[in-house]
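K.L.:
Need a 3D model of the following:
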Amino acid sequence: MEPGVTEEKMVNAGWLKKTELFRGLGESQLNIILSHSSVESFPEGKTIFHQGDEAVGLYILIEGVVDLTVKTGEKIDFMTSTIDKEGAIFGMPSLLEPFRYNVTAMCLKPSKVLFIEGDHIRKYIEQDAKMGIEIMKKLASIYFNRLNEMREGVSKLIKMFKPKVP
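P.N.:
Model (predicted):
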């Protein structure tokens, strides 16, 4: 790292533009989004948020690994996704009603994330319809891709336990 450059300075409009949700937005739009953000660090084993909590913000992985799980009412939790790529987002329910997290996010390794206030993003989406449409299209694409990954995982699991017919 260059002298005088802090880790927080690495998270700028150029970095945010490379993330899966904000790709394609202009620098001024990205700077407005960054104006209500902070870099947060979590140790291994720390829960960032719980399923059912009020969804106050969106998270973007800077480094580390975050596990997303769903409580099923059974004795085990169901893992839905592992967030391990820089720029991957989680906490998306902060942008969608009823604004409650639908998973629990826990760090599998020490992790650093960019936290962006959900109400700020929602307000700005309402003010800039073109930007809002771009963000919502990408949000839908992210959900669709994660749904397909989960379906593939369930399909593999079923095949493992399916009885072999001679």
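
K.L.:
Helices along the protein, start to end?
P.N.:
For the chain, applying DSSP state H gives helices covering 7-10, 13-17, 27-34, 118-127, 129-161.

K.L.:
mind listing what residue 126 touches?
P.N.:
With contacts defined as CB atoms under 8 Å, 6 or more residues apart in numbering, residue 126 is in contact with residue 132. C-betas here are computed from N, CA, C, even on glycine.

K.L.:
My error: substitute residue 51 in the last question.
P.N.:
Neighbouring residues of residue 51 by CB under 8 Å, 6+ apart: 69, 70, 71, 101, 102, 103, 104.

K.L.:
Quick check: which of those residues has the minimum pLDDT.
P.N.:
In terms of pLDDT, residue 71 ranks lowest among those, with 82.

K.L.:
For the chain, give me the ranges with low pLDDT.
P.N.:
For the chain, the stretches flagged by pLDDT under 70 are 1-9, 74-79, 164-166.

K.L.:
Quickly list what the residue nearest in space to the middle of the chain is bridged to.
P.N.:
Computing the C-alpha centroid of the chain and ranking residues by CA atoms, centre = their mean puts residue 90 first, at 1.4 Å. Here residue 90 sits in beta bridges with residue 59, going by DSSP bridges.

K.L.:
Quick check: it vs residue 54, distance?
P.N.:
16 Å (CB to CB, to the nearest Å).

K.L.:
for residue 80, same thing?
P.N.:
Taking CB to CB, one finds residue 80 at 20 Å from residue 54.

K.L.:
ditto for residue 10
P.N.:
Per CB to CB, residue 10 is found 29 Å from residue 54.

K.L.:
the more surrounded of residue 80 and residue 54?
P.N.:
Shown here are residue 80 and residue 54; by other CB atoms under 10 Å, residue 80 has more neighbours (17 against 13).

K.L.:
So that one sits against residue 154, correct?
P.N.:
No: counting by CB atoms under 8 Å, residue 80 sits too far from residue 154 to count as a contact (10.6 Å).
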